[in-house]
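**Q** build me a model:
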Amino acid sequence: MSFLQMSSPLAARRLFIGRSGLLLSGAAVALLAGHDALAAKAGSETAQDIQILNTALGAELEAIAAYQLGAESKLLEKSVLDLALTFQGHHKEHAALLAKTVAKLGGKAVAAKASYEFPVEQLKSQADVLRFAGKLEQGAVSAYLGAVPLFGNRELAKAAASILGDEAMHWAILRQAVGEAPVPAAFVS
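**A** Take a look at the predicted model:
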């Protein structure tokens, strides 16, 4: 089941946490934060770390594919297409970091699926594409938000919060682009 097939952001967060386990270990925290020496000292929960990181990587790869679908739809004006490709680039950077971290832990990074079940038949206008991307970003915000407080190592929490911040900015911009309040509430859930 993809983020886009879920009925709510809460469902997306539960699926992310459920698939990824309880938390990332100190080794993953150190690797994501760029501290290889700390990672070497961190511990033995490598298999769980790889599973968690691969779950996040799978979601980023799905986002890359979704933005590609939007870019190829021929429904986006040039300025909107440029923005979509910028957001896709951010997801590519997230995916590259996650894949590199999995490899540093001795694991094999998940690959993108051959195809995703996106609601292609519902994408008939630029606004439809933007709403579709917005729902994907909302799901990512909820997933990372649910994961950040679970981290035992604050360095990993900071790394995940950095990605969360990027996803939240994407979501706000997409909401504004379709005429919705970019920040609909004082808190995100």
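
**Q** quick check: Glu77 touching Ala127?
**A** No. The criterion here is C-beta atoms under 8 Å, and Glu77 misses it with Ala127 at 11.2 Å. Yep, even glycine has a C-beta here, placed from its N, CA and C like the rest.

**Q** which of the two has more neighbours?
**A** Higher neighbour count among Glu77 and Ala127: Ala127, with 13 against 9, using other C-beta atoms under 10 Å.

**Q** neighbours around the nearest residue to the more buried one once chain neighbours are set aside, how many?
**A** Distance criterion C-beta to C-beta, 6 or more residues apart in numbering; nearest residue to Ala127, sequence neighbours excluded, is Val178 at 5.3 Å. Counted with other C-beta under 10 Å, the neighbours of Val178 add up to 14.

**Q** please apply the same query to the one 10 residues further on.
**A** Counted with other C-beta under 10 Å, residues neighbouring Val188 total 14.

**Q** show me what contacts it?
**A** Contacts for Val188 (C-beta atoms under 8 Å, 6 or more residues apart in numbering) come out as Val141, Ser142, Leu145, Ala168.

**Q** for the residue nearest to Ala127, give its distance to Lys158.
**A** For Val178, the distance to Lys158 equals 31 Å [C-beta to C-beta, to the nearest Å].

**Q** same thing with Ala112?
**A** 27 Å.

**Q** follow-up on the earlier one: wait, the residue nearest to Ala127 touches Arg131, no?
**A** Yes. In terms of C-beta under 8 Å, Val178 counts as a neighbour of Arg131; the distance is 5.8 Å.

**Q** overlap in contacts of these two?
**A** Common contact partners of Val178 and Arg131 (C-beta under 8 Å, 6+ apart): none.

**Q** average pLDDT for stretch 107-121?
**A** Per-residue pLDDT over stretch 107-121 has a mean of 94.

**Q** quote the end-to-end distance of it.
**A** 37 Å (C-alpha to C-alpha, to the nearest Å).

**Q** name the residues of it that are buried.
**A** Using 16 or more other C-beta atoms under 10 Å as the test for burial, stretch 107-121 gives Gly107, Ala109, Val110, Tyr116, Phe118.
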